[in-house]
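*Asks:* Give me a 3D structure for the following:
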Amino acid sequence: MTRPSWAPEGIDLDRPSASRVYDYFVGGMHNFEIDRQLARQIEAFTPNVAETMRANRDLLRRCVRFLVDAGINQFLDIGSGIPTVGNVHEVAQGRDPSARVVYVDIDPVAVAHSHAILDGDPRTAVIQADVGQPDVILADPQVRKLIDFDEPVAVLLLGVLHFVGDDADPRGCVAALRDAVAAGSYLAITHATSDGQPTEVLEAQKLSGRTSTEIVLRAKDEIAAYFDGWSLVEPGLVQLPLWRPDNPDDIADAPEQSGAYGGVARKNSVEAAP
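*Replies:* Predicted coordinates for the structure are as follows:
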């Protein structure tokens, strides 16, 4: 196989990558046939998985546009994967050329590909770190170079907290990020749920326990608890297609089939806090 320019040396192209499988599902170009084969196997077992991933990516784009229009020009995207089609920095900088973005992911494959893709863009950076270690993320020199925590920042946790088990205290991790950012900052979360999901999805979740990236499906009230100390913006925590759709006609007859909730919230000043 000829190694394309975006695939750095040292990355095994003969083994599928979870990050490249996701890239395939959302219509990206940074994947190989071995990734596409695995994606087709996953989709055969859980037919709505591609819909969920695309709904998550569509919400990301709508969310970033909303945040830039709200005056945010710095983004901390944790659990970013490969910055593929419709990524944060392209959407943000398309609206505000001064926007700065730091991508964070624990997957070394995603980080290596990201370095190659982002090379030459002084307003973006990528670091390898775990969402379960917010202090490490916040102290990273590249984060500190691009993100001014004295000014509002958007913290994006899209499709990542369902990979954090309860024993790793995901609520505590989100709280640490909340405490580190200035008033006027925003938090965006999408999270897979067991609510209203068919049997095959629940069975797939059980199978994920055999891998290093077990998925923890959580109910709406559990996900809502991550927003403690923040004020949800309209329409609140909803199924992914229902969060500020570009066109009401874009909403499918059964939005719950997206299998996930999403929401965006603002950190108010002490004086404005309810």
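*Asks:* residue ranges of the helices in the stretch 151-274 of the chain, please?
*Replies:* 170-180, 199-208, 220-224 (DSSP state H, counting those that start in this stretch).
*Asks:* Check those helices for me: which has the lowest mean pLDDT.
*Replies:* Per-segment mean pLDDT for the helices of the stretch 151-274 of the chain reaches its minimum on helix 199-208, at a mean of 53.
*Asks:* quick one, strands of the stretch 151-274 of the chain?
*Replies:* Residue ranges of the strands in the stretch 151-274 of the chain, as given by DSSP state E, counting those that start in this stretch, are 154-158, 186-192, 231-232, 238-239, 260-266.
*Asks:* which residues sit against the last one?
*Replies:* Put plainly, it is strand 260-266. Defining contact as CB atoms under 8 Å, 6 or more residues apart in numbering, one finds that strand 260-266 is touched by 52, 55-56, 59, 63, 66-67, 158-159, 184-193, 195, 220, 223-224, 227, 230-233, 236-240, 243. Any C-beta I mention is one placed from the backbone N, CA and C, and that applies to glycine too.
*Asks:* try 7 Å this time
*Replies:* 52, 56, 59, 63, 66, 186-193, 220, 223, 227, 230-233, 236-240, 243 (CB atoms under 7 Å, 6 or more residues apart in numbering).
*Asks:* Turn the buried ones among those residues into a named PyMOL selection, would you?
*Replies:* To isolate the buried ones among these in PyMOL, judged by 16 or more other CB atoms under 10 Å, type:
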select buried, resi 52+56+59+63+66+186+187+188+189+190+191+192+193+220+223+227+230+233+237+238+239+240+243
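*Asks:* any idea which residue sits dead centre in this protein?
*Replies:* Leu158 (2.6 Å; CA atoms, centre = their mean).
*Asks:* thought that one was touching Leu60?
*Replies:* Yes - using CB atoms under 7 Å, Leu158 is in contact with Leu60, at 5.5 Å.
*Asks:* returning to that earlier point: pairing partners for the residue nearest to the centre of the chain in the sheet, please.
*Replies:* With DSSP bridges as the criterion, Leu158 is bridged to Thr190.
*Asks:* so how far is the lengthiest helix in the chain from its chain's centroid?
*Replies:* Identified as the longest helix of the chain according to DSSP state H is helix 49-69. Offset of helix 49-69 from its chain centre (CA atoms, centre = their mean, to the nearest Å): 9 Å.
*Asks:* Identify each buried residue in that helix, please.
*Replies:* 49-68.
*Asks:* Can you say which helix or strand has Gln41 in it?
*Replies:* For Gln41, the element it lies in under DSSP states H and E is helix 33-45.
*Asks:* What average pLDDT does that helix get?
*Replies:* On average, the pLDDT along helix 33-45 is 73.
*Asks:* The nearest residue to Gly132 once chain neighbours are set aside: how many residues sit nearby?
*Replies:* Spatial nearest neighbour of Gly132, excluding adjacent residues (CB to CB, 6 or more residues apart in numbering): Ala168 at 4.5 Å. Using other CB atoms under 10 Å, the number of residues around Ala168 comes to 15.
*Asks:* ok, now the one 4 residues further on?
*Replies:* Summarising burial for Gly172: neighbours were counted as other CB under 10 Å, giving 11.
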